[in-house]
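Undergrad: Here is my input; please provide its structure:
(4 chains)
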There are 4 protein chains.
Amino acid sequence: MMGAFQPANPEFETRVRESFARQPFMAFIGAEIAVVEPGFCEIHLPYRPELTQQHGFVHGGALATLADNAAGYAAFSLMPADASVLTVEYKLNIIRPGLGDKMTARARVIKPGRTITVVESNVFGTKDGKEVMCVTSIQTIMALHGRDDR
Amino acid sequence: MMGAFQPANPEFETRVRESFARQPFMAFIGAEIAVVEPGFCEIHLPYRPELTQQHGFVHGGALATLADNAAGYAAFSLMPADASVLTVEYKLNIIRPGLGDKMTARARVIKPGRTITVVESNVFGTKDGKEVMCVTSIQTIMALHGRDDR
Amino acid sequence: MMGAFQPANPEFETRVRESFARQPFMAFIGAEIAVVEPGFCEIHLPYRPELTQQHGFVHGGALATLADNAAGYAAFSLMPADASVLTVEYKLNIIRPGLGDKMTARARVIKPGRTITVVESNVFGTKDGKEVMCVTSIQTIMALHGRDDR
Amino acid sequence: MMGAFQPANPEFETRVRESFARQPFMAFIGAEIAVVEPGFCEIHLPYRPELTQQHGFVHGGALATLADNAAGYAAFSLMPADASVLTVEYKLNIIRPGLGDKMTARARVIKPGRTITVVESNVFGTKDGKEVMCVTSIQTIMALHGRDDR
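TA: The predicted model follows:
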């Protein structure tokens, strides 16, 4: 389903990591950007009690935040230097609550495009020492050309 | 599109508010449950710099968190006392960034059901002193019968 | 939620109706375009046995077809004369099967945009002589500028 | 992402094929069920001019119909003999128009469940002699226990 993608901007990784670092909400919840490749992004979020819902698992809103950010940056990694990135929409299924002591979001571009990029973004937790999928999503991301992300 | 709904549990408001209060993530981001009616829920989130994305607006993940919680509690308000609530999935469009100094999520049940309840949940910000829609979503919420929410 | 929209093309109704008439699939299933207003479109589909699923109701795929087309044309009605229309994505909930002897899709623009337009599109059937919602959807529609729809 | 699934009903393939055969809309558009395995279903739709939209490609509504049916039957293949199947909702992205002379939908269960099953369902066309993805979707399918599909 995925091919190898050519980034339009050789500085793509730096640009993605700098944009991530400019999001106060990421620092607030404790999310870290782990891997950036052309068309791919992985974000980690360690468990913290203040991130949980009423049953003690990481809140679906925190999982959605990770899935959204990973998808946006997977798409952004393929965009030219003069483009800004925008999430148009996404749909996610919560297939398990946010289990375990670390959440990992992995997003992969399914179909890049000049304006619209479609991304699959999943979030995994841990159960019985094994990684399990908690959220699966499809996201539509848009490039705004001529608008620097800064 | 909406009718008047009869709550199965006369204590529905107390139960929704208590469940909300048991979510540490809500206190962490500063969200407050404002209105609970049969099939309806409104949640407020004041602007705070730590909730923002790279352009200074409230992060889409925080908006999704509000939309998700409001939808879940709109559905939960109609469920019997022995049921627990679960978000199966949702889809949201971000039609504007999280503008202004207060975000308001309003969720309304479109179609209640014994197992599956469909909810429309929108999040509003403020622009030029007027409320504007930032997120629109459709959410699928499930009742787990025989499992108390506590 | 909706305002009054100004069409960019005064010939919008003719253009929508002509585009609809060029879709062989619409004639094949028997769909008719009923109402075209700025930012709004209504499509009718009379019940026919060949459109049904295994329980005798109009097939969800036929309902999705109506919802999709109505949304696309609601958005197209606001686009300038040199633009073509494209469905980027949609999400729909089937809240009832396709009941009764006529299906009616009604789509209304929630947020117009130069590139992306967000539309709510619902499909109604009939139960006990009253209109009931069968499908609710949110759709993301794109304008392709400089590409005539023909 | 996928494991091997154990069907609850050893007659699953016969049951899926018989249910498909009872859908008049499938015969009407010319769709054929090609492969049924536990948690997997593949449906084919040969190109026919009456299935097209205004630009000569297979209509998005026909693609949605395939994606929906394949997903429903992928889930149904894992359900016990006394259960009926219902599409709760889906979200699809149209990443290319319905290109080529045969459409192929392939659906795979991501997460089975007693009540709710989550399925990924994609539709492929042909471009330059190679299969290309035209639609990607995530679908939520429900088992209705104690209600035979007939």
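
Undergrad: Show me the helices in chain A, by range?
TA: Ranges of helices in chain A, per DSSP state H, are A:12-21, A:24-29, A:60-76.

Undergrad: model confidence over the shortest one, on average?
TA: pLDDT averaged over helix A:24-29 equals 98, rounded to a whole number.

Undergrad: returning to what we had before: identify, out of the helices of chain A, the most deeply packed stretch.
TA: helix A:60-76 (a mean of 29; mean count of other Cβ atoms under 10 Å in any protein chain shown). Every C-beta, even on glycine, is put in place using the N, C-alpha and C of the backbone.

Undergrad: at contact distance from chain B, anything in it?
TA: Yes. Using Cβ under 8 Å from any Cβ of the partner chain, a contact is recorded between helix A:60-76 and chain B, made by A:60-62, A:64-66, A:68-69.

Undergrad: Can you tell me how far the spatially most central residue of chain A is from chain D?
TA: Centre of chain A computed as the mean C-alpha position; nearest residue by Cα atoms, centre = their mean is A:Ala70, 0.9 Å away. Here the criterion is Cβ to the nearest Cβ, to the nearest Å. By it, A:Ala70 lies 16 Å from chain D.

Undergrad: Over to A:Thr52?
TA: A:Thr52 sits 22 Å away from chain D, taking Cβ to the nearest Cβ as the criterion.

Undergrad: That residue - how many residues pack around it?
TA: When neighbours are counted by other Cβ atoms under 10 Å in any protein chain shown, A:Thr52 registers 20.

Undergrad: Return the per-residue confidence for it.
TA: 97.

Undergrad: about what we covered before: so can I have TSV of the helices of chain A showing distance to chain C?
TA: Listed next are the helices of chain A as TSV, based on distance: least, Cβ to the nearest Cβ, whole Å:
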stretch	distance to chain C
helix A:12-21	21
helix A:24-29	24
helix A:60-76	13
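
Undergrad: Mind putting the ones you listed into CSV with distance to A:Phe40?
TA: CSV is the format used below for the helices of chain A (distance: least, Cβ to Cβ, whole Å):
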stretch, distance to A:Phe40
helix A:12-21, 10
helix A:24-29, 18
helix A:60-76, 5
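
Undergrad: can you pull the contacts of A:Thr126?
TA: A:99-102, A:132 (Cβ atoms under 8 Å, 6 or more residues apart in numbering or on different chains).

Undergrad: what does A:Met103 give?
TA: A:44-47, A:58, A:62-63, A:66, A:123-125, A:134.

Undergrad: List only those of those residues flagged as buried.
TA: Among those, the ones that count as buried by 16 or more other Cβ atoms under 10 Å in any protein chain shown are A:45, A:47, A:58, A:62-63, A:66, A:123-125, A:134.

Undergrad: related to what we said a few turns ago, ok, which of the helices of chain A comes nearest D:Glu18?
TA: Proximity to D:Glu18 (Cβ to Cβ) singles out helix A:60-76 among the helices of chain A, at 38.4 Å.

Undergrad: Which neighbouring elements make contact with the closest one?
TA: The criterion is 3 or more Cβ pairs under 8 Å, 6 or more residues apart in numbering or on different chains; DSSP states H and E, and the helices and strands that helix A:60-76 contacts are helix A:12-21, helix A:24-29, strand A:40-46, strand A:83-94, strand A:102-111, strand A:116-127, strand A:130-145, helix B:60-76.

Undergrad: Counting neighbours, what do you get for A:His55?
TA: The burial count for A:His55: 15, using other Cβ under 10 Å.

Undergrad: ok, now which ones touch the closest residue to it other than its chain neighbours?
TA: In space, and not counting its chain neighbours, A:His55 is closest to A:Pro97: 6.7 Å by Cβ to Cβ, 6 or more residues apart in numbering or on different chains. Each residue near A:Pro97 by Cβ under 8 Å, 6+ apart is listed here: A:53, A:55, A:57-58, A:60, A:125, A:134.

Undergrad: closest to chain D among the residues you listed?
TA: A:Cys134 (10.0 Å; Cβ to the nearest Cβ).

Undergrad: Roughly how far does that closest one sit from A:Thr52?
TA: 13 Å (Cβ to Cβ, to the nearest Å).

Undergrad: list residues touching both of those two?
TA: Common neighbours of A:Cys134 and A:Thr52 (Cβ under 8 Å, 6+ apart) are A:Gly98.
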